[in-house]
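Participant: how does the following fold in three dimensions:
(2 chains)
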Amino acid sequence: MTAIDRVKEDLDYVASAVRREAREDGIPVIYYMWALLVGIGWALPDFAPRWTGLYWIIVGPAGGLMSWWLGARQGAKAGINDVAPGRRYAFHWLLTLLAFFLVFLPAVTGKMGADAAAINVLLVIGLAYTLAGVHLERPLLWSGLLVFGGYVALSVLELPYLWTTNGLVVAASLMLAGLTRRKRAPAALA
Amino acid sequence: MKALHGLDAALEHRVRLAISVLLARHGEISFSRFKEQLELTDGNLGAQLRRLEDDGYIALRRAFVERKPVTWYRLSAAGRKALDKHLRALQDVIAVAGP
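Facilitator: Residues are numbered from 1 along each chain as shown, chains lettered A, B, ... in the order given. Below you'll find the model as predicted:
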């Protein structure tokens, strides 16, 4: 075997080891937790509007911290302790939160009805989930597509309790992400 | 071949090169994760890690995850520098051998 052949074989070995890395498949408990939080929180504007702000001021950051802790715990159990993915996730969801608020800007300035803005929230969430599915964790791709379906349905149909319906669509999509997540091999501990 | 002289002896072994590349991609990786990912025995993996540690290319720390002892490895500054140099040398080797 020539030196070049050996180098080629070594590089093939390294490439296959890198490719063998586990894909990010998401953490079902995070999906289920947010399905519950969103299901409750997005029904509040319809049924108990004065509690909505307080609910999200407490539950939003707490849910974010809980998600971060669960993600770090999962990483440690899988044998990888890496801050870069956590930073990427934080940027993705903070930008989604920013877009979520910006959707309401035209409604605040009177250029768009509040109902239309509420429906457009689904477009933002659908886009955030599908992009997360492409770049971060695959199960959210299907969630995003389901949310797009909800956006189309709510744009066409006249439904009561708009925020509750929005919340149910997002909660159902997160449940779907948890259920469709690929089974992971036993965690690499010890 | 002149280009081969730039290669780092510690990283010429495919397992040690793979360990270094994986550590360059991630912050810290546990012994068990390496074992799973590189499909090696404890003895073989331990020997390769020890060689890199002896050369100062990786550092280890011991901790507990859910009450189980875990040994974490990370690439040292010297290891990162050596890996960069080795990869550049490999590129030279490939360039020389190319069509």
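
Participant: give me the number of residues near the closest residue to chain B within chain A?
Facilitator: Here the residue of chain A nearest chain B is A:G79; by Cβ to the nearest Cβ that distance is 2.7 Å. For the C-beta atoms, the positions are set from N, CA and C on the backbone; glycine is no exception. Residues contacting A:G79 under the criterion other Cβ atoms under 10 Å in any protein chain shown number 26.

Participant: need the pLDDT of it.
Facilitator: Looking at A:G79, its pLDDT is 89.

Participant: need the pLDDT of the residue nearest to it when sequence neighbours are not counted.
Facilitator: Nearest residue to A:G79, sequence neighbours excluded (Cβ to Cβ, 6 or more residues apart in numbering or on different chains): B:R33, at 2.7 Å. We have a pLDDT of 92 for B:R33.

Participant: what number of residues lie near B:R33?
Facilitator: When counting by other Cβ under 10 Å, one arrives at 25 neighbours for B:R33.

Participant: I'd say it and A:N81 touch.
Facilitator: No: using Cβ atoms under 8 Å, B:R33 is not in contact with A:N81; the gap is 9.6 Å.

Participant: can you report how many residues lie near residue 61?
Facilitator: Going with chain A. 10.

Participant: you answered for a different chain; I wanted chain B.
Facilitator: Using other Cβ under 10 Å, B:R61 has 11 other residues around it.

Participant: just A:A84 next, same as before
Facilitator: 10.

Participant: tell me which element it falls in.
Facilitator: Using DSSP states H and E, A:A84 falls within helix A:83-102.

Participant: what about that helix, average pLDDT?
Facilitator: 91.

Participant: list the contacts of it.
Facilitator: With contacts defined as Cβ atoms under 8 Å, 6 or more residues apart in numbering or on different chains, helix A:83-102 is touched by A:24, A:64, A:68, A:71-72, A:75, A:121, A:124-125, A:127-128, A:131-132, A:135-136, B:26-27.

Participant: SS state for the residue in chain B that chain A sits nearest to?
Facilitator: Per Cβ to the nearest Cβ, B:R33 is where chain B lies closest to chain A, at 2.7 Å. Three-state assignment for B:R33 (DSSP: H, G, I helix; E, B strand; the rest coil): helix.

Participant: from A:M175, how far off is it?
Facilitator: Here the criterion is Cβ to Cβ, to the nearest Å. By it, B:R33 lies 30 Å from A:M175.

Participant: torsion angles phi and psi at B:S30?
Facilitator: Dihedral angles of B:S30 (phi, psi; degrees, to the nearest 10) stand at phi -80, psi 160.

Participant: tell me which helix or strand the residue minimising distance to the centre of chain B sits in.
Facilitator: The centre of chain B sits closest to B:S20, judged by Cα atoms, centre = their mean, with a distance of 2.5 Å. For B:S20, the element it lies in under DSSP H and E is helix B:14-25.

Participant: what about the closest residue to A:Y31 other than its chain neighbours, how many residues nearby?
Facilitator: Nearest residue to A:Y31, sequence neighbours excluded (Cβ to Cβ, 6+ apart): A:G178, at 4.0 Å. By other Cβ under 10 Å, 19 other residues sit near A:G178.
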